[in-house]
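S.K.: okay, here's the prediction I keep looking at, along with the sequence it came from:
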Amino acid sequence: MEFLNKLGKKASETYQVTKEKAVNLSEELKLRGKISEYKEEIVKNYKDIGEIVYNEIKNNNDVSKEAVTSKCEEIDKANDEISKLEVQLLALKKVKKCINCGAELDIDAEFCSKCGNKQPVVEKVEVKEEPSDTKEAEVVEVNNVEENKEENKQAEDEGKDN
């Protein structure tokens, strides 16, 4: 019996680790998706700026600063959001970037393994987790599945006859 208890405990621990990895992977994919959306927005704004400049030059007009300022501001906002999301992504992965070469390092690394530069100490950043609608279920015991199917079928047939 003790063996089964140990086996059950180990299975539960394995489940928790797997669940945590799945949640982290899901969150990482969400963050990467948001980053991708902001990058697409930036590309669109660059294209819009190019069209504005092209059309003004084609019509022999001077390009006014006002014509492109709002697009530049949108690009700046998108870059700011990307920076915030990248910080969240690093915290989720429990890594940091080298201040010199940008290589990903273990969060506690004092020196970069790529360039050897000394790294500042990173303060703990909390990643806000959104509530999940996922329900956990536990299978307790399954016995005589075929017998149960037969009993259910017979009960259904009897209900139809009445």
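M.R.: Cool, got the structure.

S.K.: mind checking how far the residue most central in space within the chain is from Leu92?
M.R.: Nearest to the mean C-alpha position of the chain, by CA atoms, centre = their mean, lies Glu28 at 2.1 Å. Distance of Glu28 to Leu92, computed by CB to CB, to the nearest Å: 6 Å. Glycine gets a C-beta too; all of them are placed from N, C-alpha and C.

S.K.: before we move on, the earlier item: what helices and strands are in contact with the helix or strand hosting the residue nearest to the centre of the chain?
M.R.: Assigned by DSSP states H and E, Glu28 falls within helix 2-58. Contact partners of helix 2-58 among helices and strands, from 3 or more CB pairs under 8 Å, 6 or more residues apart in numbering; DSSP states H and E: helix 65-93.

S.K.: which SSE is immediately downstream of the helix it packs on?
M.R.: strand 95-97.

S.K.: what comes up buried for that following strand?
M.R.: Using 16 or more other CB atoms under 10 Å as the test for burial, strand 95-97 gives Lys96, Lys97.

S.K.: start the count at 13 instead of 1 going forward.
M.R.: Sure, I'll start numbering at 13, so the last one becomes strand 107-109.

S.K.: for it, packing partners?
M.R.: Applying 3+ CB pairs under 8 Å, 6+ apart, one finds that strand 107-109 contacts strand 116-118.

S.K.: what part of the protein, helix or strand, is modelled with the least confidence?
M.R.: Here the helix or strand of the chain ranked lowest by mean pLDDT, DSSP states H and E is helix 157-173, holding a mean of 54.

S.K.: what's the burial count for the spatially closest residue to Phe123 that is not a sequence neighbour?
M.R.: Spatial nearest neighbour of Phe123, excluding adjacent residues (CB to CB, 6 or more residues apart in numbering): Lys130 at 5.7 Å. Look at Lys130: counted by other CB atoms under 10 Å, it has 11 neighbours.
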